[in-house]
Each structure stands twice: as structure tokens, then as C-alpha cells.
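Visitor: 3D, please:
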Amino acid sequence: MRAIRAAFFERHRSTSVDDLLPWGEPSASPTVELDFEVGTETLHLRKAFLNKKRCELKVGATQYDGEDAEHYLAELLGFEFPGRGASKPDHWGIPGLLWIEQGTGQDIAESVGNATRPPAQGAGPVGGRSGQQPGR
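Guide: Next comes the predicted model:
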């Protein structure tokens, strides 16, 4: 669950994913690959963290890399990345409702509040382009 959440909500250059590093393997590069659908579109996300940082997002026949991939994904799914540091539930928007961890169900009101809160003034998920189709 943590790896899936990191693939969506953490930047590929983040150093706040040390917990994904295998024990005793400091040179490892934790990698997460996900296939999912949004509407009729099939997407493939591949993120590698720490030592070989990389993010790739394939949307149909279109390929996005690095920050472009992360921005596209955030805008498409309606979440935002923090300015710096690890992402927190208040950045996750509506997708954050899918990541209620076991034992924290009593805190659902906070997640619902985060999902219904409008994006930061003038920022939107990707530099103020909220409401537009991603990549347009």
C-alpha cells in the first residue's frame, strides 16, 4: 500500500521514501509500476526512487517523463504535490479517499475535508491550470 501511495503522491526526486528501501541495500532504487484506467484511457506509471530517480507515464501512445509526467498525473487525478518535503493527506484531494489506512477509519472526516477543499489560491494541481484537460 505504501509503495502504491508513493507512486501516485510522492515526487520521484523525493528523499522521503527511505522506508521503501530494502533492508541492508542502501544502493537499491525502489521502483513501482502500475497499470490503471481513467475513463477509457489506459495508463502505465513507472517511478523509481532514491538512487536512480525516474518517472515515466504512458497515456495511450503518449509518453511523459520526469516532472511533466508527475504534473500530468496530478492534474488528471486532482491532487497536488507539496512545495517541498513529503506529501501529506491534505495534498491528496479526492484520490486520498482511496488511501484510508487500516486503523485510521475514525479520521475519515479529515480526508473528506481534504477532498472537498478547493486547491490553493491560483495554484491548482499544476500551476493554476485547474479545470483544463491535462496537457492542453
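
Visitor: Can you show me the strands along this structure?
Guide: 31-38, 41-48, 54-59, 62-65 (DSSP state E).

Visitor: Summarise which helices and strands the top helix by length along the chain is packed against.
Guide: Scanning the chain for the helix with the most residues, using DSSP state H, yields helix 66-77. Where contact means 3 or more Cβ pairs under 8 Å, 6 or more residues apart in numbering; DSSP states H and E, helix 66-77 is packed against strand 54-59. C-beta: built from backbone N, CA, C; applies to glycine.

Visitor: Give me the helices and strands touching the strand it packs on, please.
Guide: In terms of contacts (3+ Cβ pairs under 8 Å, 6+ apart), strand 54-59 is packed against strand 41-48, strand 62-65, helix 66-77.

Visitor: Could you give me the buried positions within it?
Guide: Of the residues in strand 54-59, 55-59 count as buried by neighbour count, 16 or more other Cβ atoms under 10 Å.

Visitor: hey, C-alpha coordinates of it in PDB?
Guide: In PDB, the C-alpha atoms belonging to strand 54-59 read as follows (Å, rounded to 0.1, in the frame of the first residue of the first chain):
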ATOM      1  CA  ARG A  54      12.900   8.500 -12.700                       C
ATOM      2  CA  CYS A  55       9.200   8.900 -13.600                       C
ATOM      3  CA  GLU A  56       7.600   7.700 -16.700                       C
ATOM      4  CA  LEU A  57       3.900   7.900 -17.600                       C
ATOM      5  CA  LYS A  58       2.400   6.400 -20.700                       C
ATOM      6  CA  VAL A  59      -1.100   7.600 -21.600                       C
END
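
Visitor: Can you tell me the strand partners of that strand and which way each runs?
Guide: strand 41-48 (antiparallel), strand 62-65 (antiparallel) (DSSP bridges).
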